[in-house]
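**Student:** I'll drop the sequence and a predicted model, then ask my questions.
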Amino acid sequence: MNQDVVVLGAGLMGRLLALSLARQGARVQLHDAHGPDALHSAARAAAAMLAPLAESAITELPVVRMGQHALARWPELLATLPAPVYFQQAGTLILWHRQDQAEAQRFEALVRRTHAQLPELPAPETLHRERLAALEPAVAGRFTQGLYLPGEGQLDNRQLLDALHLALQEAGVQLHWHAPVLARDAAELRSAFPQAGQIVDCRGLGAQPAWPALRGVRGEVVRLHAPGVQLQRPTRLMHPRYPIYIAPKQDGVFMIGATEIETEDLSPASVRSTLELLSAAYSVDSGFAEARILEITAQARPTLPDNLPRLRTLGPGVLQVNGLYRHGYLIAPAVHDAALQWLTQGESPLARQWGLL
Ligand SMILES: Cc1cc2nc3c(=O)[nH]c(=O)nc-3n(C[C@H](O)[C@H](O)[C@H](O)COP(=O)(O)OP(=O)(O)OC[C@H]3O[C@@H](n4cnc5c(N)ncnc54)[C@H](O)[C@@H]3O)c2cc1C
């Protein structure tokens with residue numbers, strides 16, 4: 001690809017696409033409003049669970065299909081990076097307290113319906129006492145039943161962002177940090193970058209001036225150091241008001257998250273939601289009592305009105321990639337493959353197959 005390409009936004013999508021374009025021979029510039037640590041991106045805040053079946057309870061089949069494609073693609077992509085990125089595929093565990101049985105049944109019915117529609121996905125497994133204790137001994141004393149979604153995964157998003165940064169430098173991408181691009185339409189973008197053959201807008205929520213339908217959906221995450229907790233896989237606790245997830249990373253680090261609030265308010269997390277998150281986590285494993293709080297983060301997910309991702313041509317040679325909502329990591333390799341097809345071939349069967357256009 002012998003072309004000048006400008007990529008806007010060095011969050012999850014921008015880094016992935018800039019790297020692949022450079023590796024295909026394009027001369028790539030990457031511009032971000034902030035620094036290489038991606039402090040203000042959804043990409044840095046995320047828990048980075050890769051759970052197509054679990055997410056099918058709240059999303060549509062194309063996202064589940066993209067998630068399935070991406071689960072196979074992540075190890076291939078990670079293998080090309082110059083630094084290791086923790087990636088695990090030990091399934092998702094679903095738990096509930098006895099009084100929340102109805103919520104669990106509703107969830108199980110939804111994932112079983114998805115599985116009936118996409119039988120190529122690994123089948124959900126109902127866990128009774130002994131099987132649960134064998135699979136996840138850490139919760140054996142407190143829970144006597146659960147649901148297991150085999151094959152689902154997670155990765156360490158901060159290691160990924162760092163490894164991508166290193167790879168971008170090695171690939172010779174021109175990196176422009178603290179360089180916000182405020183253009184609102186194709187004409188403004190073209191006049192800002194007259195030399196560019198292609199402009200790829202991956203500004204996430206920062207693309208709102210050029211895509212007013214975008215909105216932010218706030219999430220809050222607590223990052224804990226809990227070396228005494230032995231949970232091995234992402235675990236979701238069903239609850240009618242505050243369902244939570246616990247995602248174990250390396251070295252005793254756990255991400256605990258839940259809230260989904262329709263607001264772009266990025267003020268710090270409230271006491272109430274922090275209390276709810278931490279008490280729900282403590283109810284799963286009392287070892288969290290001794291955990292150290294490393295960080296409490298609030299961030300907004302870039303979301304379109306139908307909560308689905310999209311590739312959109314803003315004008316000739318200007319592609320927008322956005323709306324990754326709460327599934328960015330789950331689907332990023334799929335969206336990346338479709339966008340790359342579009343950028344290199346001017347057409348993308350993958351994008352059509354997944355309804356991205
Ligand atoms: C709390 C939370 C938990 C999540 N958990 C998960 C999960 O478990 N699994 C999952 O699959 N997904 C998860 N996500 C979703 C995932 O993080 C997002 O879908 C994904 O990061 C979106 O990628 P993006 O590249 O579109 O946007 P971002 O990652 O937000 O990147 C956008 C980039 O654009 C830059 N930018 C903004 N404005 C400008 C400008 N004017 N000029 C130049 N640059 C600009 C920003 O600085 C940023 O670096 C979570 C998100 C949040 C907030």
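**Tutor:** On my side now, so go ahead. Owing to the predicted nature of the structure, the values given are computational and were not obtained by experimental measurement.
**Student:** List the buried residues in stretch 250-260.
**Tutor:** For stretch 250-260, burial by neighbour count (16 or more other C-beta atoms under 10 Å) applies to Val253, Phe254, Met255, Ile256, Gly257, Ala258, Thr259. Backbone N, C-alpha and C define where each C-beta goes, glycine included.
**Student:** Mind checking which of those land in strands?
**Tutor:** Val253, Phe254, Met255, Ile256, Gly257, Ala258, Thr259 (DSSP state E).
**Student:** which residues pair with the first one across the strands?
**Tutor:** Applying DSSP bridges to Val253 yields these beta-bridge partners: His225.
**Student:** what kind of secondary structure is Leu294 in?
**Tutor:** Under DSSP: H, G, I helix; E, B strand; the rest coil, Leu294 falls in the strand class.
**Student:** same question but for Pro333, I mixed them up
**Tutor:** From three-state DSSP, the assignment for Pro333 is helix.
**Student:** With just CA atoms, put the helix or strand of the chain with the lowest mean pLDDT into CSV.
**Tutor:** The weakest-scoring helix or strand in the chain, judged by mean pLDDT, DSSP states H and E, is strand 253-261 (a mean of 88). Extracted C-alpha coordinates of strand 253-261, given in CSV (Å, rounded to 0.1, in the frame of the first residue of the first chain):
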residue,chain,number,x,y,z
VAL,A,253,-4.5,-7.7,40.0
PHE,A,254,-8.3,-7.8,39.6
MET,A,255,-10.6,-5.4,37.7
ILE,A,256,-14.1,-5.1,39.1
GLY,A,257,-16.7,-3.3,37.1
ALA,A,258,-20.3,-2.9,36.6
THR,A,259,-22.2,0.3,36.2
GLU,A,260,-23.5,1.3,32.9
ILE,A,261,-24.9,4.8,33.0
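**Student:** what's in contact with that strand?
**Tutor:** Outside strand 253-261, the residues within contact range by C-beta atoms under 8 Å, 6 or more residues apart in numbering are 47, 217-226, 229, 231, 242-249, 273, 276-278, 280-281, 288, 291, 294, 326.
**Student:** Same check on stretch 17-27?
**Tutor:** In contact with stretch 17-27 (C-beta under 8 Å, 6+ apart) are residues 1-5, 7, 10, 28, 30, 164, 167-168, 171-174, 198, 200, 202, 321, 336, 339-340, 343-344.
**Student:** Any idea how far apart the tips of stretch 129-148 sit?
**Tutor:** Taking C-alpha to C-alpha, to the nearest Å, stretch 129-148 runs 13 Å from one end to the other.
**Student:** tell me the mean pLDDT over that stretch?
**Tutor:** Per-residue pLDDT over stretch 129-148 has a mean of 96.
**Student:** so Arg301 sits right up against Gly323, yeah?
**Tutor:** No: contact criterion C-beta atoms under 8 Å: Arg301 and Gly323 do not qualify, at 9.4 Å.
**Student:** neighbour count winner among those two?
**Tutor:** The residue with more neighbours, out of Arg301 and Gly323, is Gly323; 27 against 22, by other C-beta atoms under 10 Å.
**Student:** which residues touch the closest residue to the more buried one other than its chain neighbours?
**Tutor:** Residue nearest to Gly323 in three dimensions, not counting chain neighbours: Leu304, with 3.7 Å by C-beta to C-beta, 6 or more residues apart in numbering. Contacts for Leu304 (C-beta under 8 Å, 6+ apart) come out as Ala213, Leu214, Arg215, Arg310, Asn322, Gly323, Tyr325.
**Student:** how many other residues sit next to the first one?
**Tutor:** Right, the one you point to is Ala213. 12.
**Student:** Can I get the buried residues of stretch 250-260 in JSON lines including distance to the ligand?
**Tutor:** Listed next are the buried residues of stretch 250-260 as JSON lines, based on distance: C-beta to the nearest ligand atom, whole Å:
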{"residue": "Val253", "distance to the ligand": "15"}
{"residue": "Phe254", "distance to the ligand": "13"}
{"residue": "Met255", "distance to the ligand": "8"}
{"residue": "Ile256", "distance to the ligand": "11"}
{"residue": "Gly257", "distance to the ligand": "6"}
{"residue": "Ala258", "distance to the ligand": "9"}
{"residue": "Thr259", "distance to the ligand": "9"}
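**Student:** what residues does the stretch 251-357 of the chain put near the ligand?
**Tutor:** Gly257, Gln299, Arg301, Pro302, Asn322, Leu324, Tyr325, Arg326, His327, Gly328, Tyr329, Leu330 (C-beta under 6 Å from any ligand atom).
**Student:** could you redo the last one with a cut-off of 8 Å?
**Tutor:** Proximity of the stretch 251-357 of the chain to the ligand (C-beta under 8 Å from any ligand atom) is limited to residues 257, 297-302, 321-332.
**Student:** Restricted to strands, list those residues.
**Tutor:** Gly257, Thr297, Ala298, Gln299, Ala300, Arg301, Pro302, Val321, Asn322.
**Student:** Would you mind listing which of those are buried?
**Tutor:** Buried by 16+ other C-beta under 10 Å: Gly257, Thr297, Ala298, Gln299, Ala300, Arg301, Pro302, Val321, Asn322, out of these.
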